[in-house]
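Participant: have a look at this fold, sequence not included:
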């Protein structure tokens, strides 16, 4: 079985075209001039179609990676070619880049980004932190705190314009705990604790010495020292300026995600947000540091740490991983490990608040 | 002898764009290099000179590798600079220098990316098997562009036609089809009047503001200057409408200037086409600025309508949702997981999905209405004379650049 047709042929050396005779058989295409001189032979495995056929059936062919072009308009010939040259629809352009080169650069790019994200940026963030002026950090913290308060307050709290809790006796009790814990500390900025009227069971530290405690966490506490322990942990983060480090890491992550997704203009907002969600958390080391610092603060304040032991597990069991913001719970240094460390630490101490103040603190949102 | 130029696509572009979007989503946008390549194949093939289609021979993996090189090399540098900038916030002088330098480097990168991307695309363009090419030095082009940019800034934009003509001359005279080099002899001066029209159009809102708002601005400045915040507030509340007009004016300038600029670009295209030659080939364009402006406006209005529609739906949805969650809360104090945090996360996720979807639809609309519409119109209105010389053009001796566009990917430059 063979097929024959006349076609227009551009030889790839000149842009001009000539009429030619084309014979197709199992071996491939043989192209001859009208005077029957051989022009070219394309082996069957190397015949390729360029683009899609026109509406009138015009078909353009080439040899894999070649410069010459053949234009055919013959339905019978087209059918023969389609039936007999199985690689017709494959890419007509020889790959000019070896796959190993693609793999090499892909590996290089991934390694470069990974190195940035997991080594350089975290390391750099630590050195960068002392250079950021407290005023800049405080502004960022205020902005984040406002956002968190408006986004997490319960609907009825929003309706009653009571998104944060300020009952005077409760605030006084909270302030007393913080003052006792931070007495003699040299913090870069004053600590400001905000209680959000929200059922979220969590507490978190923000840049600029802002600490957010959600009502849900207060509701869950059964002992003033549990509250003090949580605050001490967050104060540990504040003292090491962890929230700023996390912010630097997450914005760098956002930048890299934006770059990887391409299109630095169009999707940058989406990509940035995605990066922040992915990278905005504390490392294991930071959590352990904050834990140790928190325990030290508890000791100095002579608050008993024993009531804390079961608390972290209680909180973790209560709330699955929901929050995307740096939190007490997200990068848990293993709640058992944590409890073990607290249990091992039995230096004694007293309650953080007397019974009356404790009741006032529990009722801070009332 | 006249040649014909047609836009005659095969297959559905909308279908291709939807398929690309789906594959992009599935592959976290890694597919975009192949998607771009497929769209270019489609568009190149649709444009026909004397009935013969152009051909795009680029490969997705070439774009990918160019991008990977940029990520591996440039990302660390850019990030380091960003972090350094953050660290330098304490010193305003150093910060100002650093920011200026950053903007300058970014500008240079955009220029380089544009020039290199054009080089790549031309090297992957064929007609009857003959390759196009771009020669010339990227650095030379960058220095030219920087020098002209400086002149343009110093002349308050008046030199822009000269800058655009000089750069177009460099690009065109370094463009080849096969062994034939393009020639370009357009003077810049005929573009001055159209360009002045653009500047004038952009200044219209300013002029209107000057007539209507000057007394108000004087009053406002006087009040603000006195340091009396109560007086300032009184002035602003008394003339809230005028204040709004004042705030809106710059945006109006940009919008009207933008529309005028599209019209200018069409005028410029006609002028440049008339002064471009390829061997015996000469070109004449009769493209209508009004038609292309009309398409751009229609697309922008459709997108604006879409944004307003989504906003209305979001507000109504929020009200309904709010009412429902209110009912749930009224039924009793909520137990279990925290609705506040849930709503927060859900809001972010829904926001990302909606924004992504909207961006996709806008791009779809833009490609179909503006890109394709403009291409179709430019083809239909382009006359090519001296086509008989085309047959004698021989294959390009220029070697093709190996890798893809790299940088251009992150700045979203160029064809579709």
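Facilitator: Thanks, I have it. A quick note: this is a predicted structure, and the numbers were derived from the prediction, not measured.

Participant: and residue B:252, what does it touch?
Facilitator: Contact criterion C-beta atoms under 8 Å, 6 or more residues apart in numbering or on different chains gives residue B:205 as the residues in contact with residue B:252. In this view, the C-beta of every residue, glycine as well, is placed from N, C-alpha and C.

Participant: give the buried residues for stretch A:213-231.
Facilitator: Residues A:213-218, A:221, A:223-231 are the ones in stretch A:213-231 that count as buried (16 or more other C-beta atoms under 10 Å in any protein chain shown).

Participant: restricted to helices, list those residues.
Facilitator: Under the assignment DSSP state H, the buried residues of stretch A:213-231 contribute A:215, A:216, A:217, A:218, A:224, A:225, A:226, A:227, A:228, A:229, A:230, A:231 to helices.

Participant: all strands of chain B, in order?
Facilitator: Counting by DSSP state E, chain B has strands at residues B:2-3, B:5-7, B:47-49, B:52-56, B:125-127, B:130-134, B:175-177, B:180-184, B:276-278, B:281-285, B:382-385.

Participant: so for chain A, which of these sits nearest?
Facilitator: The closest of these to chain A is strand B:130-134. By C-beta to the nearest C-beta, the value is 4.8 Å.

Participant: ok, that closest one: who's next to it in the sheet?
Facilitator: Using DSSP bridges, the strands paired with strand B:130-134 are strand B:125-127 (antiparallel), strand B:175-177 (antiparallel).

Participant: need those in CSV (columns: mean pLDDT).
Facilitator: Below are those laid out as CSV (pLDDT from 0 to 100):
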stretch, mean pLDDT
strand B:125-127, 95
strand B:175-177, 96
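
Participant: give me the mean pLDDT for stretch A:105-117.
Facilitator: Averaged over stretch A:105-117, pLDDT sits at 82.

Participant: name the surrounding residues that touch stretch A:287-303.
Facilitator: With C-beta under 8 Å, 6+ apart as the test, stretch A:287-303 has contacts from A:180-185, A:225, A:228-229, A:232-237, A:239-240, A:242, A:282, A:304-305, A:308, A:331-333, A:338, A:341-342, A:345, A:347, A:349-352.

Participant: that should have said stretch B:45-55, apologies.
Facilitator: Stretch B:45-55 has contacts (C-beta under 8 Å, 6+ apart) with A:50-52, A:60, A:71, B:3-10, B:44, B:56, B:125-128, B:375, B:379, B:384, B:387, B:390.

Participant: let's see it at 6 Å
Facilitator: Stretch B:45-55 has contacts (C-beta atoms under 6 Å, 6 or more residues apart in numbering or on different chains) with A:51, B:3, B:4, B:5, B:6, B:7, B:8, B:9, B:44, B:126, B:127, B:128.

Participant: likewise for stretch A:229-249?
Facilitator: A:121, A:125, A:129, A:137, A:177, A:181, A:203, A:205-207, A:209, A:211, A:279-280, A:282, A:286, A:289-290, A:293-294, A:297-298, A:308, A:326.

Participant: residue 261: neighbour count?
Facilitator: By default, I'm working from chain A. Counted with other C-beta atoms under 10 Å in any protein chain shown, residues neighbouring residue A:261 total 21.

Participant: switch to chain B, that's the one I care about
Facilitator: Residue B:261 has 17 nearby residues by other C-beta under 10 Å.

Participant: and the strands in the stretch 1-150 of chain A?
Facilitator: A:3-10, A:18-25, A:28-33, A:38-43, A:47-49, A:59-63, A:69-72 (DSSP state E, counting those that start in this stretch).

Participant: what are the buried residues along the second one?
Facilitator: Within strand A:18-25, the residues scored as buried using 16+ other C-beta under 10 Å are A:20, A:21, A:22, A:23, A:24.

Participant: list the contacts for the residue nearest to the third one when sequence neighbours are not counted?
Facilitator: What it means is residue A:22. Leaving aside its sequence neighbours, residue A:22 sits nearest to residue A:7 (C-beta to C-beta, 6 or more residues apart in numbering or on different chains; 5.0 Å). Applying C-beta under 6 Å, 6+ apart, we find residue A:7 in contact with A:20, A:22, A:70, A:71, A:72.

Participant: ok, now with 8 Å
Facilitator: By C-beta under 8 Å, 6+ apart, the contact set of residue A:7 is A:19, A:20, A:21, A:22, A:31, A:70, A:71, A:72, A:73, A:74.

Participant: surely the first one touches residue A:5?
Facilitator: No: if you go by C-beta atoms under 8 Å, residue A:19 and residue A:5 don't touch, sitting 10.9 Å apart.

Participant: can you map out the helices along the stretch 201-350 of chain A?
Facilitator: A:215-220, A:224-239, A:242-260, A:268-279, A:284-300, A:311-318, A:335-344 (DSSP state H, counting those that start in this stretch).

Participant: for the ones in helices among the buried residues of stretch A:213-231, give me CSV that also has pLDDT and distance to residue B:369.
Facilitator: Shown next, in CSV, are these (pLDDT from 0 to 100; distance: C-beta to C-beta, whole Å):
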residue, pLDDT, distance to residue B:369
A:215, 90, 52
A:216, 87, 51
A:217, 87, 53
A:218, 90, 56
A:224, 91, 66
A:225, 90, 66
A:226, 90, 62
A:227, 92, 60
A:228, 92, 63
A:229, 90, 61
A:230, 90, 57
A:231, 92, 58
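
Participant: from those, pick the one nearest residue B:215.
Facilitator: residue A:215 (52.9 Å; C-beta to C-beta).

Participant: show me where pLDDT drops low in the stretch 251-366 of chain A?
Facilitator: A:262-281, A:313, A:315-336, A:346 (pLDDT under 70).

Participant: of the buried residues of stretch A:213-231, which is the nearest to residue B:142?
Facilitator: For these, the nearest to residue B:142 is residue A:214 (53.9 Å; C-beta to C-beta).

Participant: leaving aside the residues adjacent along the chain, what's closest to that closest one?
Facilitator: Spatially, and ignoring its direct neighbours in sequence, residue A:214 is nearest to residue A:200 (4.0 Å; C-beta to C-beta, 6+ apart).

Participant: my guess is the one you found meets residue A:216, correct?
Facilitator: Yes: under the criterion of C-beta under 8 Å, residue A:200 makes contact with residue A:216 at 4.9 Å.

Participant: now the longest helix seen in chain B: average pLDDT?
Facilitator: What stands out as the longest helix in chain B, according to DSSP H, is helix B:289-330. Across helix B:289-330, the average pLDDT comes to 80.

Participant: same question for stretch B:388-400.
Facilitator: Stretch B:388-400 shows a mean pLDDT of 87.

Participant: any residues touching it, and which ones?
Facilitator: With contacts defined as C-beta under 8 Å, 6+ apart, stretch B:388-400 is touched by A:12-17, A:67, A:96, B:1, B:3, B:50, B:123-124, B:129-133, B:135, B:176-180, B:279-281.

Participant: rerun that using 7 Å as the cut-off
Facilitator: A:12-16, A:67, B:1, B:123, B:130-131, B:133, B:135, B:176-180, B:279-281 (C-beta atoms under 7 Å, 6 or more residues apart in numbering or on different chains).

Participant: residue ranges with poor pLDDT in chain B?
Facilitator: For chain B, residues meeting the criterion pLDDT under 70 lie at B:82-91, B:227-228, B:321-348, B:400-416.

Participant: roughly how far apart are the closest residue to chain A within it and residue A:66?
Facilitator: Distance from chain A to each residue of chain B (C-beta to the nearest C-beta) is smallest for residue B:391, at 3.3 Å. Distance, residue B:391 to residue A:66, using C-beta to C-beta, to the nearest Å: 20 Å.
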